[in-house]
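Visitor: Got a sequence here, can you model it:
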Amino acid sequence: MTTAAERDVLIVGAGHAAAMVAVGLRQKGFGGSILMVGEEAALPYERPPLSKAYLAGKLEPHRLFLRKAEFWQERAVEVRTQTTITRLDPSARTATLSTGEAIRYGWCILATGGRVRPLPCPGAHLPGVHYLRTLVDVDGIRASLTPGARLAVIGGGYIGLEVAASARKLGHEVTLIEALDRVLARVTSPVVSRFFEAKHQAEGVDVRLNTAVAAIEGETRVTGVALACGEVIPADVVVVGIGILPNCELAQDAGLACDNGIMVDDLCRTADPRILAIGDVARHPNRYAPGGPVRLESVQNAVDQAKTAVSVILGAPEPYADLPWFWSDQYDIKLQTAGLALDYDEIIVRGTPDAAPFSVLYLRAGRVVAIDCINSIKDFMAGKKLVTAGLEPDRTLLCNPAFPLKDLMAVPA
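Guide: Sure thing, here's the model as predicted:
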């Protein structure tokens with residue numbers, strides 16, 4: 001029988017969360033062996049710029065990397081690219097690599113992320129139909145967006161809107177197709193949705209709401225998007241952004257609890273305390289989520305859960321309790337969100353919702369639970385503190401854009 005090689009820490013995945021565990025361990029003085037395994041050919045890199053600056057050709061590939069190759073070598077972090085883990089055996093603490101090699105680990109970090117949700121219609125696999133998740137994906141989109149190419153974007157979430165904005169700035173004809181009655185429907189209020197719909201329309205995007213896709217048309221390559229109503233949108237390139245599916249299969253096959261993500265506690269521990277899960281794949285308890293455990297697809301969550309994982313490995317556990325926050329750049333607009341706009345019962349708008357800057361606060365039983373800020377960095381910084389403190393501020397002050405939100409921290413409720 002072949003003897004398994006040993007590593008103190010095995011990190012499954014090589015995205016942002018995975019990389020931050022390795023970085024954090026070395027920064028904290030951890031001297032054990034670390035192996036990070038990722039299926040992509042590239043070293044760990046940032047994903048947020050992919051749909052924005054990188055797609056627009058304003059960012060060179062090397063500027064995406066979280067650390068240079070020398071960093072990993074100098075810190076003795078072994079990075080295996082184009083490699084996956086095919087089997088995990090918690091009882092033996094071993095993992096089998098796609099190379100056939102067996103690794104015995106002290107700690108296993110599952111940072112397997114997610115994969116794109118495929119478009120379920122005829123023609124979805126035609127050349128010219130793209131998804132946006134990896135560096136290679138965006139390189140393919142860029143190669144397809146030749147001068148004069150017409151783009152159809154399916155999905156009105158962050159990815160779809162950012163791709164539409166980037167393509168319009170490059171001069172392409174863009175049609176955005178969203179099945180629901182508004183864009184960003186799963187993450188924000190109708191007030192913010194309508195602002196972004198109007199912004200994209202003003203920039204020349206043909207925004208189609210309440211619109212279902214029946215098929216992708218074309219023989220050897222995409223030529224258009226057939227809608228359920230019978231209309232065909234001419235398109236030379238299609239980008240699909242309809243969400244991601246968490247990569248839970250490895251954990252599930254290993255007997256770990258999964259339900260729309262790998263289930264973890266507030267220390268990012270799975271059912272096996274020596275196996276942690278972090279980042280997009282981890283479904284965790286969150287004090288800011290009223291409906292129970294959540295999965296958060298954000299850089300902030302990846303970084304904060306990586307810190308928790310590091311603390312657990314080093315024997316000084318610090319529970320994950322950070323405030324979720326997100327951002328999106330579209331044209332000259334920066335949307336910054338703090339908290340989770342879920343189950344709110346009241347909305348307060350600061351400013352005029354048809355022109356930036358303005359902010360939208362979300363309240364539940366009088367307490368501020370989330371805030372969306374459109375080109376309003378001051379409101380965002382102060383809003384984070386309001387949400388964290390769980391305050392019940394005076395509504396007349398909240399809705400007054402001339403009154404600084406930061407001053408509410410000193411005003412009695």
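Visitor: what about the stretch 51-200 of the chain, any weak spots by pLDDT?
Guide: The model of the stretch 51-200 of the chain has no residue with pLDDT under 70.
Visitor: For Arg367, give me phi and psi.
Guide: The phi/psi pair for Arg367 (degrees, to the nearest 10) reads phi -90, psi 140.
Visitor: Neighbours of it, how many?
Guide: 17 (other CB atoms under 10 Å). For glycine as for every other residue, the C-beta is placed from the backbone atoms N, C-alpha and C.
Visitor: how much space between it and Leu170?
Guide: 43 Å (CB to CB, to the nearest Å).
Visitor: Kindly report the same for His62.
Guide: 22 Å.
Visitor: do Cys258 as well
Guide: From Cys258 to Leu170 the distance is 40 Å (CB to CB).
Visitor: out of the two, which sits in the busier spot?
Guide: Between Cys258 and Leu170, counting by other CB under 10 Å, Cys258 is the more crowded of the two (21 against 16).
Visitor: Not including adjacent chain positions, what is the nearest residue to the more buried one?
Guide: Cys248 (4.2 Å; CB to CB, 6 or more residues apart in numbering).
Visitor: just checking, that neighbour touches Met263?
Guide: No - contact criterion CB atoms under 8 Å: Cys248 and Met263 do not qualify, at 9.4 Å.
Visitor: The two - which one has more neighbours?
Guide: Between Cys248 and Met263, counted using other CB under 10 Å, the more crowded position is Cys248 (23 against 20).
Visitor: Let me see the contact set for the more buried one.
Guide: Applying CB atoms under 8 Å, 6 or more residues apart in numbering to Cys248 gives the contacts 112, 258, 261-262, 281.
Visitor: where along the stretch 101-250 of the chain do the helices fall?
Guide: 135-144, 158-169, 190-202, 249-253 (DSSP state H, counting those that start in this stretch).
Visitor: The first one - contacts with which helices or strands?
Guide: Read it as helix 135-144. Where contact means 3 or more CB pairs under 8 Å, 6 or more residues apart in numbering; DSSP states H and E, helix 135-144 is packed against strand 129-131, strand 237-240.
Visitor: repeat for the longest one
Guide: In terms of contacts (3+ CB pairs under 8 Å, 6+ apart), helix 190-202 is packed against helix 158-169, strand 206-208, strand 325-330, strand 333-339, strand 358-364, strand 367-374.
Visitor: and that helix with helix 158-169, angle?
Guide: Put simply, helix 190-202 runs at 30 degrees to helix 158-169, going by axes from the mean of the first three to the mean of the last three CA atoms, to 10 degrees.
Visitor: quick one: contacts of helix 190-202?
Guide: Contact with helix 190-202 is made by 161, 164-165, 168, 176, 182-185, 207, 209, 330-331, 333, 335, 347, 349, 353-354, 356, 358, 360, 372, 374, as judged by CB under 8 Å, 6+ apart.
Visitor: Please convert the buried members of those into PyMOL selection syntax.
Guide: Those of those that count as buried under 16 or more other CB atoms under 10 Å are selected in PyMOL with:
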select buried, resi 161+164+165+168+176+182+183+184+185+207+209+330+331+333+335+347+349+353+356+358+360+372+374
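Visitor: Kindly compare burial across the helices of the stretch 101-250 of the chain and name the winner.
Guide: helix 158-169 (a mean of 25; mean count of other CB atoms under 10 Å).
Visitor: Let me know the angle separating that one from strand 325-330.
Guide: Using the same axes, to 10 degrees: helix 158-169 against strand 325-330 is 20 degrees.
Visitor: how far does helix 158-169 sit from the chain's center?
Guide: 16 Å (CA atoms, centre = their mean, to the nearest Å).
Visitor: so what secondary structure elements neighbour it?
Guide: Where contact means 3+ CB pairs under 8 Å, 6+ apart, helix 158-169 is packed against strand 150-154, strand 173-177, helix 190-202, strand 325-330.
Visitor: Format the ones you listed as CSV; extra columns: distance to Thr81.
Guide: Putting the helices and strands packed on helix 158-169 into CSV (distance: least, CB to CB, whole Å) gives the following:
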stretch, distance to Thr81
strand 150-154, 30
strand 173-177, 34
helix 190-202, 37
strand 325-330, 28
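Visitor: Including distance to Ala41, could the helices of the stretch 101-250 of the chain go into TSV?
Guide: Shown next, in TSV, are the helices of the stretch 101-250 of the chain (distance: least, CB to CB, whole Å):
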stretch	distance to Ala41
helix 135-144	8
helix 158-169	22
helix 190-202	34
helix 249-253	20
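Visitor: Nearest to Gly218 among those helices would be which one?
Guide: With CB to CB as the measure, helix 135-144 is the member of the helices of the stretch 101-250 of the chain nearest Gly218 (12.9 Å).
Visitor: next one: that closest one to chain centre, how far?
Guide: 19 Å.
Visitor: for this structure, longest helix please?
Guide: helix 299-313 (DSSP state H).
Visitor: now that one and strand 333-339, what's the angle there?
Guide: 40 degrees.
Visitor: and helix 299-313, what's its mean pLDDT?
Guide: For helix 299-313, mean pLDDT is 97.
Visitor: Could you check how far it is from the centre of its chain?
Guide: The answer for helix 299-313 is 15 Å, by CA atoms, centre = their mean.
Visitor: tell me which strands and helices that helix is in contact with?
Guide: Using 3+ CB pairs under 8 Å, 6+ apart: helix 299-313 touches helix 16-27, strand 275-277.
Visitor: tell me the most buried of these?
Guide: Of these, the one with the most neighbours on average (mean count of other CB under 10 Å) is strand 275-277, at a mean of 28.
Visitor: avg pLDDT for that strand?
Guide: Computed over strand 275-277, the average pLDDT equals 98.
Visitor: Which other helices and strands does that strand contact?
Guide: Right, strand 275-277 is packed against strand 102-110, helix 299-313 by 3+ CB pairs under 8 Å, 6+ apart.
Visitor: Which one, of the ones you listed, ends up nearest to Gly390?
Guide: Comparing the helices and strands packed on strand 275-277 by CB to CB, helix 299-313 comes nearest, at 18.9 Å.
Visitor: quick one: contacts of the closest one?
Guide: Taking CB under 8 Å, 6+ apart as the rule, helix 299-313 contacts 9, 15-18, 20-21, 24-25, 28, 30, 46-48, 107, 109, 111, 266-269, 276, 278-280, 282, 284, 317-320, 322, 324-326.
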